[in-house]
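**Student:** Just need the structure, nothing else, for what follows:
(chains A, B, C and D)
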2 protein chains.
Amino acid sequence: MKSSQKQTIYDIARQAGASPSTVSSALNGTWKARRIREDTVKRIKAIAADLGYSVNLQARGLRKARSGLVGMILPEHDNRFFSQLSQTFTTETRRRGLCPVIVSTRRDPGEEAKTVESLISYAIDSLIIVGASDPEALSRLCRNAGIGHVFVDQPCQSAPSVASDNHRGAEVLAETLMARMPPQRPDAPRSWLYFLGGDATLYASSQRIAGFRAAVSAQTGTVRAEQIIACGYEREPARQALKDLHDRLGGLPAGLLINSITSFEGVIAYLGALPETEIRDCVIGCYDYDPFGMLLRFPVDMIRQRANALIEEAYGHLDGGDDAPALTLIEPILVPAQEDQSAPA
Amino acid sequence: MKSSQKQTIYDIARQAGASPSTVSSALNGTWKARRIREDTVKRIKAIAADLGYSVNLQARGLRKARSGLVGMILPEHDNRFFSQLSQTFTTETRRRGLCPVIVSTRRDPGEEAKTVESLISYAIDSLIIVGASDPEALSRLCRNAGIGHVFVDQPCQSAPSVASDNHRGAEVLAETLMARMPPQRPDAPRSWLYFLGGDATLYASSQRIAGFRAAVSAQTGTVRAEQIIACGYEREPARQALKDLHDRLGGLPAGLLINSITSFEGVIAYLGALPETEIRDCVIGCYDYDPFGMLLRFPVDMIRQRANALIEEAYGHLDGGDDAPALTLIEPILVPAQEDQSAPA
DNA sequence: AACCGTTGCGCAATCGATGAAGCAACGTTA
DNA sequence: TAACGTTGCTTCATCGATTGCGCAACGGTT
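**Tutor:** Numbering: from 1, shown residues only, chains lettered A, B, ... in the order given. Predicted coordinates:
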């Protein structure tokens, strides 16, 4: 490491008594194809190491019209599901010798669009879009820039998409919960199973609601509108919605299917204020998984989405240059509630 | 959006009957300083919008020797503490009109170095380094490239650093736990408070261990080596360590201070297999916070690190161009255990 | 009319790496 | 020995945006 100033291939060329293009190909691995002698390459590499040289990837990217960056946008970082996606995405990206750029956009369509445009300006090689609010708009931006892209979680009509089998997952979860509940009576709202959280206008939630409906009506013959409370993906609204439900019913219902881990946090916050005995009478499940869910004061069935399978599948499309619109479903996993270990008094 | 081919300022210049340099400054906001008429700017902007033009940031970056990218490296994504840092970092970065690049490096020094080099090759404007394994090496890389950098969580001797006040946090947590425990007896290892998890060779853990020691010896006059089990930051080792402790003591100890949320997951996994009554006799706390920790089957005191304060402080150094080595401590917050609501039988 | 300041913009070099094309030197073959 | 293929490089244009310098046109002064 000689100087602290930026070294370029020209500096190396001067020291090596070679031309910049020789240095370039010696360092980027194309030297065999360009018939550079191995001695020369070694000499150049030695000088480069000595000078503490590192390529300027902006210059290379400008020349080659690709950057070696791969983008991923997602709603938020602070969420087990999304951060598992980030982890897998990072691993897969670096395995390919590329650099991951993960940006969270708070489910804000404007923010999403601005971020995608900005990533395009950096000439990212491809883009994975998780939980988009407006998939079509984003897909248009990418297509216009000629950038390969895949949607995850929230699919897009006009691009390859990968998602959990939300319908099936919610159905299985609802069935599991009902098996732990006393029979539901049509005239007793407190005896019903409720669906809480999510945004019914979005794909994932609507699929889960459909799965919920299928399971419930298979057992009870019908589903009431009040059983479905899609209060959004955030924490506080979920808490408030549960409070309202509790007030309205005069107690907790017999069953709760919470849609998304963040809503579950709100539910937890509310339940924390209730007497334990009351919670015991409510069967609870959550679509999404958190390891801590397994040791709560009450048993919780959880649905675990296969983050790595989702990303691997998405990368499969990108690697293959496949841009045909098609939705791939990945079956999620039911993580059954741990039986409570406390000796029943 | 005319063509799907990349548009450049030259294309716009041709259409506008202007020179590329005029187009450039019209679009990048320097047009006033360059005395371009406002009409001209408007005309150019209209054409740019029509063509669906977007700047090539690689070209700009090459010319200006900065990229508009700000890097952050951290050990893992799938961890509440780190993902909160990611979230705040993203917000702060975009607020400055820059683009966040967050890469996780699995606490692997080689991976860390390679990642930093790669980020430097992209000409990032500055870098935040979270939980580094080898801070000095990374700092050297950055200094050599003339890149402003700040360490978070794991400080560095030769660069500005920000960390939680781990000593104080662990001390407070230990005190809180001991207040819930029966008095410790020197000859009864099962009556002691144990420290479990983390890597004693790293700054954060060593500080926490010191805080733990201070609190415990203030109460009992002494701390045994066996009370401190620094089995690493991963899940499985923590689980195994607890199992070993349990086997050795013939039961759970009176108190456990778990170092890090990931270790806590391992602990949870082991506790799940024990009868509830046994867990009730063990007072538990965790250094790090997870909202789900609040409603576990047993009360847990938790220390919450102030992710946003950490990032804001770090950005303060970067914005100010401050590269003087100095460690800033941020006091973490004790989140006391929720009293158990279950009616004691 | 000569001079000057201002306005509005164009010219051309530059950032660092890449790669197509070309060239000199040497050995081979006919 | 003339023609030709190889080897091992060098030359130079290029990617797209930026920016220091310069210049023409115009209005106003003296």
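**Student:** name the element A:E236 belongs to?
**Tutor:** Assessed by DSSP states H and E, A:E236 sits inside helix A:235-249.
**Student:** next structured bit after that helix?
**Tutor:** Next helix or strand after helix A:235-249 toward the C-terminus (DSSP H and E): strand A:255-259.
**Student:** Run through who's touching that next one.
**Tutor:** A:170, A:173-174, A:177-178, A:180-181, A:192-198, A:205, A:208, A:212, A:230, A:238, A:242, A:264, A:267, A:282-287 (Cβ atoms under 8 Å, 6 or more residues apart in numbering or on different chains). In short, each C-beta sits where N, CA and C put it, glycine included.
**Student:** again, but for stretch A:39-59
**Tutor:** By Cβ under 8 Å, 6+ apart, stretch A:39-59 touches A:1-3, A:6-9, A:11-12, A:15-16, A:18, A:22-23, A:26-28, A:31, A:67-68, B:58, B:61-62, B:67, B:117-118, B:120-123, B:144-145.
**Student:** quick one on the thing from earlier: what comes up buried for the helix holding A:E236?
**Tutor:** Going by neighbour count (16 or more other Cβ atoms under 10 Å in any protein chain shown), the buried part of helix A:235-249 is A:R235, A:P237, A:A238, A:R239, A:A241, A:L242, A:L245, A:H246, A:L249.
**Student:** How many neighbouring residues does A:E38 have?
**Tutor:** By the criterion of other Cβ atoms under 10 Å in any protein chain shown, A:E38 has 10 neighbours.
**Student:** So which of the contacts of strand A:255-259 belong to strands?
**Tutor:** A:L193, A:Y194, A:F195, A:L196, A:V283, A:I284, A:G285, A:C286, A:Y287 (DSSP state E).
**Student:** Stretch A:312-323 and chain B in contact?
**Tutor:** No: shown here: stretch A:312-323 not in contact with chain B (Cβ under 8 Å from any Cβ of the partner chain), separated by at least 12.7 Å.
**Student:** chain center to that stretch, what's the gap?
**Tutor:** Distance of stretch A:312-323 from its chain centroid, counting by Cα atoms, centre = their mean, to the nearest Å, is 16 Å.
**Student:** Stretch A:312-327 now?
**Tutor:** Distance, centroid of stretch A:312-327 to centroid of chain: 16 Å (Cα atoms, centre = their mean).
**Student:** same deal with stretch A:283-301?
**Tutor:** Its chain's average C-alpha position is 20 Å from that of stretch A:283-301, according to Cα atoms, centre = their mean.
**Student:** Now that stretch - C-alpha only, PDB.
**Tutor:** The C-alpha coordinates for stretch A:283-301 follow below in PDB (Å, rounded to 0.1, in the frame of the first residue of the first chain):
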ATOM      1  CA  VAL A 283     -57.000 -20.500  20.400                       C
ATOM      2  CA  ILE A 284     -54.400 -18.500  18.500                       C
ATOM      3  CA  GLY A 285     -52.400 -18.900  15.300                       C
ATOM      4  CA  CYS A 286     -50.200 -16.600  13.200                       C
ATOM      5  CA  TYR A 287     -49.500 -16.500   9.500                       C
ATOM      6  CA  ASP A 288     -45.700 -16.000   9.700                       C
ATOM      7  CA  TYR A 289     -43.200 -17.400  12.000                       C
ATOM      8  CA  ASP A 290     -41.100 -16.100  14.800                       C
ATOM      9  CA  PRO A 291     -39.000 -18.500  17.000                       C
ATOM     10  CA  PHE A 292     -40.200 -16.600  20.000                       C
ATOM     11  CA  GLY A 293     -43.800 -17.400  19.100                       C
ATOM     12  CA  MET A 294     -43.100 -20.900  20.300                       C
ATOM     13  CA  LEU A 295     -42.700 -20.100  24.000                       C
ATOM     14  CA  LEU A 296     -45.400 -17.600  24.600                       C
ATOM     15  CA  ARG A 297     -47.700 -17.900  27.600                       C
ATOM     16  CA  PHE A 298     -50.200 -19.600  25.300                       C
ATOM     17  CA  PRO A 299     -49.800 -22.100  22.400                       C
ATOM     18  CA  VAL A 300     -49.500 -20.600  19.000                       C
ATOM     19  CA  ASP A 301     -49.700 -22.400  15.600                       C
END
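**Student:** That one close to chain B?
**Tutor:** Yes: counting by Cβ under 8 Å from any Cβ, chain B has neighbours in stretch A:283-301: A:D290, A:P291, A:F292, A:G293, A:M294, A:L295, A:L296, A:R297.
**Student:** Next, check those against the helices and list the overlap.
**Tutor:** With DSSP state H as the criterion, helices contain none of the residues of stretch A:283-301 next to chain B.
**Student:** Of the residues you listed, which are in range of DNA strand D?
**Tutor:** Residues of the residues of stretch A:283-301 next to chain B in contact with DNA strand D (Cβ under 7 Å from any atom of the strand): none.
**Student:** quick one: which of those residues has the most company?
**Tutor:** The residue in the residues of stretch A:283-301 next to chain B with the most neighbours, by other Cβ under 10 Å, is A:G293 (28 neighbours).
**Student:** Sort out which one of the ones in strands among the contacts of strand A:255-259 lies nearest DNA strand D for me.
**Tutor:** A:Y287 (44.3 Å; Cβ to the nearest atom of the strand).
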